[in-house]
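The sequence isn't on hand, but the structure is:
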Ligand SMILES: Nc1ncnc2c1ncn2[C@@H]1O[C@H](COP(=O)(O)OP(=O)(O)O)[C@@H](O)[C@H]1O
Ligand SMILES: [Mg+2]
């Protein structure tokens, strides 16, 4: 009964586990670090989705196996109106696949590059939706660590959604993270300084994003990674000249609040106040948060439906055969023999498990989240470099293991006033993350 003949008269077993054959492959809309993102249509429901696929061999080469598994797990935990939610996950011999809500409005980097100026009202609306998503994630004990315009997508109506959980992790106030992960221009000083951090880093990144959206440039720049680090940790924070022509004093105060180097006083991070400080900030005086979260407010900027809101060169690459086009392919039995697999391949096979939102309830891997052991040998890690790019995501390479030992939090640390995290056994070296995970 589940077997249906589709256009290419290939029988598809919709009652079996979800795989690539359940989808028609349509145009490419984005490019990620390990693969592409393309539009797909479910052959039975006819629903359109975004398919993000990751080439296994590339991901192993770049030592990002743990990240991909972590991304898969975190996405299973999340379901929010302003997040790009996961609908299916599966793999074949070559790729791991995420099937996600489709965002046809394009990413904010695309719009930043094209719009002359983004009106303050639009930025305020997006910021409110982003704040709602961040606050939800933080309640789930997830810190995103890579908030930037490239990872914020608009749907057709103009609502923003956070995507790309490739370097996201679970956090605990008891064990601060010290690994450097994210995109440098958006990194909080406590990430760069490796002094230990939790969720407060996302509010800093939001400050950098809002600044960039309002002024079309970032607050911290530098031609080298060192100059950028120095600007973030100790450089002056100066608004552009004639700032009042760009935005209100309330917006300026909001930015100052987020770009506070002291995370204990940073907007959104104050003990006992948290996100309430954001919601009650004068910049949002007229915001009806309940309507906002019910998506009842008309977005001030609606992307052009008649144009492609993405870089069409992604399609060209395949057309010109610069890149291998994605095709359906049956799994080879021999490729599923775990004992004969390379350890990283086996890890992907075992831990990048199938997810189908129509069959599985979302579940949290916290606090029982098993650390995802990296297959990288520790001695390999000591001299390897994090890719020093200031706007691209710093893929946590092997160095992450050396950098990631959770440090003891300062005794008075508590940015949130939330419930206490579960007690860890003494001497436990568990870090609640995969990118930070070491066996
Ligand atoms: N759900 C989606 N709908 C439409 N486009 C998407 C979607 N997810 C990603 N993209 C596009 O693909 C790009 C790369 O995706 P992303 O998840 O950020 O991958 P990476 O982890 O490699 O950066 C995004 O910047 C965006 O332009
Ligand atoms: Mg990305």
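All right, it came through fine. This structure is a prediction, so every number in the text was calculated from the model and none was measured. Ligands and ions are numbered 1, 2, ... in the order given.

Which positions in stretch 18-37 come out as buried?
By 16 or more other Cβ atoms under 10 Å, the buried positions in stretch 18-37 come out as 18-25, 28-30, 32-37. Every residue, glycine included, has its C-beta placed from N, CA and C.

Quick one: mean pLDDT for that stretch?
Mean pLDDT, stretch 18-37: 90.

How about it and ligand 1, any contact?
Yes. Stretch 18-37 is in contact with ligand 1 by Cβ under 6 Å from any ligand atom, via 29-30, 32-33, 37.

Start and end of that stretch, how far apart?
Terminal residues of stretch 18-37 lie 18 Å apart, using Cα to Cα, to the nearest Å.

now swap in stretch 55-73 and tell me
18 Å.

roughly how far out does that stretch sit from the chain middle?
14 Å (Cα atoms, centre = their mean, to the nearest Å).

Can you give me the buried ones in it?
Within stretch 55-73, the residues that count as buried by 16+ other Cβ under 10 Å are 55-56, 59-60, 62-73.

How about it and ligand 2, touching?
No. Stretch 55-73 stays clear of ligand 2 (Cβ under 5 Å from the ion), getting no nearer than 10.7 Å.

pLDDT score assigned to the nearest residue in space to residue 196 that is not next to it in sequence?
Once flanking residues are discounted, residue 196 sits nearest to residue 176: 3.1 Å by Cβ to Cβ, 6 or more residues apart in numbering. As predicted, residue 176 sits at a pLDDT of 90.

Number of residues surrounding residue 87?
Using other Cβ atoms under 10 Å, the number of residues around residue 87 comes to 19.

just checking, what packs against the one helix or strand it maps to?
Residue 87 is part of strand 86-91, with elements assigned from DSSP states H and E. Strand 86-91 sits against helix 65-77, strand 95-101, strand 355-356, with contacts defined as 3 or more Cβ pairs under 8 Å, 6 or more residues apart in numbering; DSSP states H and E.

from the chain's centre, how far out does the last one sit?
When you say that, I think you mean strand 355-356. Put simply, strand 355-356 sits 19 Å off its chain's centre (Cα atoms, centre = their mean).

ok, now stretch 63-78?
On Cα atoms, centre = their mean, the centre of stretch 63-78 falls 10 Å from that of its chain.

Let me see the backbone angles for residue 267.
When quoted as degrees, to the nearest 10, the phi and psi of residue 267 stand at phi -60, psi 130.

Would you confirm that it contacts residue 203?
Yes. Under the criterion of Cβ atoms under 8 Å, residue 267 makes contact with residue 203 at 6.5 Å.

Give the residues shared as contacts by the two.
Common neighbours of residue 267 and residue 203, using Cβ atoms under 8 Å, 6 or more residues apart in numbering, are 258, 278.

More neighbours: these two, which one.
A count of neighbours by other Cβ under 10 Å puts residue 203 above the other of residue 267 and residue 203, at 28 against 24.

Can you tell me the number of residues neighbouring residue 138?
Neighbour count of residue 138, defined by other Cβ under 10 Å: 24.

list the contacts for it?
Counting by Cβ under 8 Å, 6+ apart, residue 138 has contacts 199, 202, 274-275, 416.

Neighbour-wise, which one of those residues leads?
Taking other Cβ under 10 Å as the neighbour criterion, residue 202 ranks highest of the contacts of residue 138 with 31 neighbours.
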